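In: Please work out how this folds:
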Amino acid sequence: MSPRSLLLAVFAVISFGGIVILVAMPPREPPTYRISPDAAGWLEASPVPQPAALFVGDSYAHGDAAAGPRSSFPTLTAQAMGWACSLDAEGSTGYLANGHLISKEFAPYAGRLAADKRKYRADYVIVSGGRNDVGRPGFARAVNTYLRAVKRTYPRARLIVLEPMWHDADPPAEMLEKKSTVRSIARSLGAVVIGTDGWLTEDYLADDGIHPSVTGQKRIAEHLVRALKAAGSTIWRPGMRSDQDLG
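Out: Numbers count the residues shown, from 1 in each chain. Alright, predicted model coming up:
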């Protein structure tokens, strides 16, 4: 321990039968500092921790058929926004779909929320998906139940919901209905809703013809970052509390 640390140390007094023992306690850790993502040639240190974003989704969010999570749109978006990224993404899952065709360990979004709470803090919760729920009844109820549960689980976080994405310009009628359902329910709960029309075309798909390629993931991230900044309410500023009404 350095002399400066010793000077800052806190001493606890413990008495045993009249004998006083002084115990040196280590100094408290300094506050976490973040580097401003807008810094150009200089560094801005702030005692405000880096905002934490939890992305919840399916194989699109996981980066399947591209290069995996490191090049997925959640990771790229978080980097652009200056957020710490946590990712809960399981292939073939959704508000209803359990993903068991891939793994019996997978679960719908609601079935993963308790684990998310244990593992991740969040100033923002960004939910995407819904394409895997095509053909499954009870979609509106599942969306409503899950998004309400997210707000209870992370009451101080800003909830951001993406409409379900489709992999070409001609989504089936049921997908259009699901996009409308997600949009309506999310808005009724005060979430920031992000439209995804036109984000993906066949030119941005991997060889499987379904999942975004590396370029497709980047394109989704670019659209999402523009939408977040346009919304204004999702821009983190130094000194802002996560429970503050952003605007």
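
In: which one's the longest helix in the chain?
Out: Taking DSSP state H as the assignment, the helix of the chain that covers the most residues is helix 214-231.

In: Show me what it is packed up against.
Out: helix 73-81, strand 192-194 (3 or more Cβ pairs under 8 Å, 6 or more residues apart in numbering; DSSP states H and E). To be clear about C-beta, it is placed using only N, CA and C from the backbone, and glycine gets the same treatment.

In: hmm, who's touching the first one?
Out: If I follow you right, that is helix 73-81. Outside helix 73-81, the residues that touch it by Cβ atoms under 8 Å, 6 or more residues apart in numbering are 37, 51, 53, 55, 57, 60-61, 63, 69, 83-85, 87, 89, 126, 212, 217-218, 220-221, 224-225, 228, 236.

In: domain assignment for the chain?
Out: Domain assignment for the chain by automatic domain parsing gives 1-30, 47-231.

In: The longest one: how far from the chain's middle?
Out: What separates the centre of domain 47-231 from the centre of its chain is 8 Å, taken as Cα atoms, centre = their mean, to the nearest Å.

In: Spell out, range by range, the helices that occur in this structure.
Out: Listed in chain order, the helices of the chain (DSSP H) span 3-8, 59-62, 73-81, 109-119, 139-153, 173-188, 214-231.

In: which one of the domains of the chain has the lowest average pLDDT?
Out: Per-segment mean pLDDT for those reaches its minimum on domain 1-30, at a mean of 40.

In: what's in contact with the longest helix of the chain?
Out: Residues outside helix 214-231 that contact it (Cβ under 8 Å, 6+ apart): 60, 63, 66-67, 71-73, 76-77, 80-81, 160, 162, 165, 192, 194-196, 199-200, 204-206, 212, 234-235.

In: likewise stretch 162-179?
Out: For stretch 162-179, the external contacting residues (Cβ under 8 Å, 6+ apart) are 60, 126-131, 133-135, 139, 182-183, 193-202, 205, 209-212, 220, 224.

In: Report the buried members of those residues.
Out: The neighbour count (16 or more other Cβ atoms under 10 Å) marks 60, 126-131, 133-134, 139, 182-183, 193-194, 196, 199-200, 205, 210-212, 220, 224 as buried among the contacts of stretch 162-179.

In: Check which residues of stretch 114-122 are buried.
Out: For stretch 114-122, burial by neighbour count (16+ other Cβ under 10 Å) applies to 116-117, 120, 122.

In: Could you export stretch 115-133 as PDB, CA atoms only?
Out: Taking Å, rounded to 0.1, in the frame of the first residue of the first chain, the C-alpha atoms of stretch 115-133 are listed here in PDB:
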ATOM      1  CA  ALA A 115     -31.800 -14.900 -15.400                       C
ATOM      2  CA  ASP A 116     -31.300 -11.500 -17.100                       C
ATOM      3  CA  LYS A 117     -32.200  -9.700 -13.800                       C
ATOM      4  CA  ARG A 118     -29.600 -11.800 -12.000                       C
ATOM      5  CA  LYS A 119     -26.800 -11.300 -14.500                       C
ATOM      6  CA  TYR A 120     -27.300  -7.800 -16.000                       C
ATOM      7  CA  ARG A 121     -27.900  -4.300 -15.000                       C
ATOM      8  CA  ALA A 122     -29.600  -2.100 -17.600                       C
ATOM      9  CA  ASP A 123     -30.200   1.600 -18.200                       C
ATOM     10  CA  TYR A 124     -31.700   0.500 -21.600                       C
ATOM     11  CA  VAL A 125     -33.500  -2.700 -22.500                       C
ATOM     12  CA  ILE A 126     -33.700  -3.100 -26.300                       C
ATOM     13  CA  VAL A 127     -36.100  -5.900 -27.400                       C
ATOM     14  CA  SER A 128     -36.100  -7.200 -31.000                       C
ATOM     15  CA  GLY A 129     -37.700 -10.200 -32.600                       C
ATOM     16  CA  GLY A 130     -41.100 -11.700 -33.300                       C
ATOM     17  CA  ARG A 131     -40.400 -13.300 -36.700                       C
ATOM     18  CA  ASN A 132     -40.200 -16.700 -35.100                       C
ATOM     19  CA  ASP A 133     -43.700 -16.400 -33.600                       C
END
